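K.L.:
here is my input; please provide its structure:
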Amino acid sequence: MIPHALAVEIIRGANPVEAFRRHRGLTLRQLAGIAKVSPSYLSEIERGHKTGSVRVLSRIAEALNTTVDALVL
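P.N.:
Below is the predicted model:
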């Protein structure tokens, strides 16, 4: 389940990866380190400039304690 406030944020247009990251209280650099991706690559995913591979999205989802499906709404 996605918390209501987080769902509303995503419905209003926030990038799901960024919204989940902020909801979990992580900085971009912290999440990048946990997910083993570069901060610049994660930033591009959050800004919608890159979609991210399934492998990378899986690592991000695991780091955020959610599913890939929740990140690619």
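
K.L.:
what sits against the residue most central in space within the chain?
P.N.:
The centroid of the chain falls nearest to residue 17 when counting by C-alpha atoms, centre = their mean (1.9 Å). With contact taken as C-beta atoms under 8 Å, 6 or more residues apart in numbering, residue 17 is in contact with 42, 45-46, 52, 60, 64, 71. Every residue, glycine included, has its C-beta placed from N, CA and C.

K.L.:
export those residues to a markdown table and append columns for distance to residue 26.
P.N.:
As requested, the contacts of residue 17 are arranged in a markdown table below (distance: C-beta to C-beta, whole Å):
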| residue | distance to residue 26 |
| --- | --- |
| 42 | 10 |
| 45 | 14 |
| 46 | 12 |
| 52 | 16 |
| 60 | 11 |
| 64 | 8 |
| 71 | 14 |
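
K.L.:
most neighbours, which of those residues?
P.N.:
residue 60 (26 neighbours; other C-beta atoms under 10 Å).

K.L.:
leaving out sequence neighbours, find the closest residue to that residue.
P.N.:
Distances taken as C-beta to C-beta, 6 or more residues apart in numbering place residue 35 nearest to residue 60, at 4.7 Å, with adjacent residues excluded.
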